[in-house]
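J.: how would this look folded up:
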Amino acid sequence: MTTKTVSKGNVTIIESRDQLIESFARGEKPKDRWRIGTEHEKFVYATSDHHAPSYDEAGGIRALLGELEQHGWTPVEEGGNVIAMAGADGSISLEPAGQFELSGAPLDNLHETCAETGRHLEQVKAAGEKLGIGFLGLGMWPDKTRAELPIMPKGRYAIMLRHMPRVGSLGLDMMLRTCTIQVNLDYETEADMAKKFRVGLALQPLATALFANSPFTEGKPNGFLSFRSHIWSDTDPHRTGMLPFVFEDGFGYERYADYALDVPMYFVYRDGRYIDAAGLSFRDFLRGELSILPGEKPSLEDWTDHLSTAFPEVRLKTFLEMRGADGGPWNRICALPALWVGLLYDQGALDAAWDMVKDWTIDERQALRDAVPKLGLSAPVPGGRQLRDIAGEVLDIAHSGLAARARENRSGDNETGFLDPLREIVRSGKVPAEVLLERYHGAWAGDVSKVYDELTF
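T.: Numbering: from 1, shown residues only. Next up is the predicted model:
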């Protein structure tokens, strides 16, 4: 499909819906160029009293970013403030309340991914020791109210913070009080993308269960194993969820583009600042009828920004993002990409995983997603079973996929060992949150602050 491309300087102006669809096709890569991009967030706290440091306080978030320059990271500024760092290992960015995120570089194998994670954690721990800062691996702040948390000086966050209460009751918790691990993966063709999307979406509840690690809110058990996952159910129905259309015949780039066009806008970035467009229509923008920029049409960069404001369980850009896991400790950061690479990057494994879930109905998939935040591996799956009953089989499929890839380190080990933490969870029958709750009711004697001793990196 050929369309006209119009440019203003180095900016590609979108003249038709076809260009939006083509943006996904540009992500296609042959299998030998498939890469793994791992993102992980962690909570930052002052070791003196566990408070969440603000951006500008002594030893706060600005100082933490500054310390990383000695490790080769380059500052990225917005409005005169350093709000991110760029380097060989990807980028470091700030979530709304100062959650610290590494968006890793696209890498060939899991050995490289885990080495990258190790380098990053060593660097931030060294900076933290100098500043009196620690880093906590959980899916949700265990003890902080919203009011106790700082706001980072990023323009898009100010817009989102204003808009979130208009569309859901838990959106501010999503922004301020949660952390996640996710993995970004490639596809070869539109059909390959669609199959990976379907498998990823159907099995995302299993990832949520295996990584469930957010059972506390404001110092007490909250009744959930993954409260982070529950939060997404009342954040913004227009941009979250399980996307039933993905399982319909004919799903592909065009259908996802239409979905994204119907996601309400948040902002437009112009001349170094974010313009509030919350609730406006990208379709109007495409016609040159956006009320805040009359007569102006979007650029490809505007479309890329807009795609980042949809928050389904699996998200399509020029790659696929798996978004179901709570934040957690070092070994689970490496385990999440192992799960999804094993399932999605080998054709035999992908076919086997799809065979397992292809007959589930939309209602069954939704019921599983809704049950997992509270029930974890006890959530019911079609056929009268529980999620725990298929978890081992899914891990076996992932293991076979990783073994078939045959990516070995210098010691001759392949990638299958990165699944071991998940094997142990299935073997024990207890997801991470259940272990934490046992400690809370037992050795911790109801003192949730003990979690800082156990889940600090």
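J.: what's residue 55 in contact with, if anything?
T.: Listed by Cβ atoms under 8 Å, 6 or more residues apart in numbering, the contact partners of residue 55 are 61, 62, 81, 98, 150, 152, 153. Any C-beta I mention is one placed from the backbone N, CA and C, and that applies to glycine too.
J.: Rebuild those residues as CSV, extending it with distance to residue 442.
T.: Output for the contacts of residue 55, formatted as CSV (distance: Cβ to Cβ, whole Å):
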residue, distance to residue 442
61, 35
62, 40
81, 44
98, 32
150, 33
152, 37
153, 42
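J.: mind putting those residues in JSON lines, secondary structure and neighbour count included?
T.: Conversion of those to JSON lines gives the following (DSSP: H, G, I helix; E, B strand; the rest coil; neighbours: other Cβ atoms under 10 Å):
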{"residue": "61", "secondary structure": "helix", "neighbour count": "27"}
{"residue": "62", "secondary structure": "helix", "neighbour count": "20"}
{"residue": "81", "secondary structure": "strand", "neighbour count": "17"}
{"residue": "98", "secondary structure": "coil", "neighbour count": "21"}
{"residue": "150", "secondary structure": "coil", "neighbour count": "19"}
{"residue": "152", "secondary structure": "coil", "neighbour count": "20"}
{"residue": "153", "secondary structure": "coil", "neighbour count": "18"}
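J.: with those in mind, which one is nearest to residue 135?
T.: Closest approach between the contacts of residue 55 and residue 135, by Cβ to Cβ: residue 98, at 11.1 Å.
J.: Tell me which residues touch the closest one, please.
T.: Residue 98 sits next to 44, 52, 53, 54, 55, 61, 149, 150, 152 when contact means Cβ under 8 Å, 6+ apart.
J.: Tell me how far the nearest residue to it once chain neighbours are set aside lies from residue 83.
T.: Excluding the flanking residues, the one nearest residue 98 by Cβ to Cβ, 6 or more residues apart in numbering is residue 61, at 4.9 Å. Distance of residue 61 to residue 83, given as Cβ to Cβ, to the nearest Å: 9 Å.
J.: could you give the mean pLDDT of the lengthiest strand in the chain?
T.: Assignment by DSSP state E gives strand 36-46 as the longest strand of the chain. Averaging pLDDT along strand 36-46 gives 98.
J.: Which elements pack onto that strand?
T.: Packed against strand 36-46, as judged by 3 or more Cβ pairs under 8 Å, 6 or more residues apart in numbering; DSSP states H and E, are the following elements: strand 100-103, helix 110-131, strand 133-136, strand 180-185, helix 330-344.
J.: Show me the strands paired with the first one, marking each as parallel or antiparallel.
T.: Meaning strand 100-103. strand 36-46 (antiparallel), strand 90-94 (antiparallel) (DSSP bridges).
J.: Can you give the distance of that strand from its chain's centre?
T.: 10 Å (Cα atoms, centre = their mean, to the nearest Å).
J.: The stretch 151-300 of the chain: strands as residue ranges?
T.: 180-185, 216-217, 220-221, 240-241, 267-270, 273-276 (DSSP state E, counting those that start in this stretch).
J.: in stretch 401-411, what counts as buried?
T.: Within stretch 401-411, the residues that count as buried by 16 or more other Cβ atoms under 10 Å are 401, 402, 405, 407.
J.: Now the terminal residues of stretch 237-250, how far apart.
T.: The first and final residues of stretch 237-250 sit 24 Å from each other (Cα to Cα, to the nearest Å).
J.: That stretch - what's its average pLDDT?
T.: Mean per-residue pLDDT for stretch 237-250: 97.
J.: Name the surrounding residues that touch that stretch.
T.: For stretch 237-250, the surrounding residues in contact (Cβ under 8 Å, 6+ apart) are 167-168, 194, 197-198, 201-202, 232-233, 251, 255-256, 259, 262-264, 309-314, 362, 365-366, 369.
J.: Could you single out the most deeply buried of the strands paired with strand 100-103?
T.: Highest mean neighbour count among these (mean count of other Cβ atoms under 10 Å): strand 36-46, with a mean of 24.
J.: mind saving the C-alpha coords of it as PDB?
T.: Output of strand 36-46 as PDB, limited to C-alpha atoms (Å, rounded to 0.1, in the frame of the first residue of the first chain):
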ATOM      1  CA  ILE A  36      14.400  -8.600  23.600                       C
ATOM      2  CA  GLY A  37      13.800  -5.300  25.400                       C
ATOM      3  CA  THR A  38      13.200  -5.500  29.200                       C
ATOM      4  CA  GLU A  39      11.700  -2.700  31.300                       C
ATOM      5  CA  HIS A  40      11.600  -2.700  35.100                       C
ATOM      6  CA  GLU A  41      10.600  -0.200  37.700                       C
ATOM      7  CA  LYS A  42      11.500   0.000  41.300                       C
ATOM      8  CA  PHE A  43      10.500   2.200  44.200                       C
ATOM      9  CA  VAL A  44      13.000   4.700  45.600                       C
ATOM     10  CA  TYR A  45      13.100   5.300  49.300                       C
ATOM     11  CA  ALA A  46      15.300   7.100  51.900                       C
END
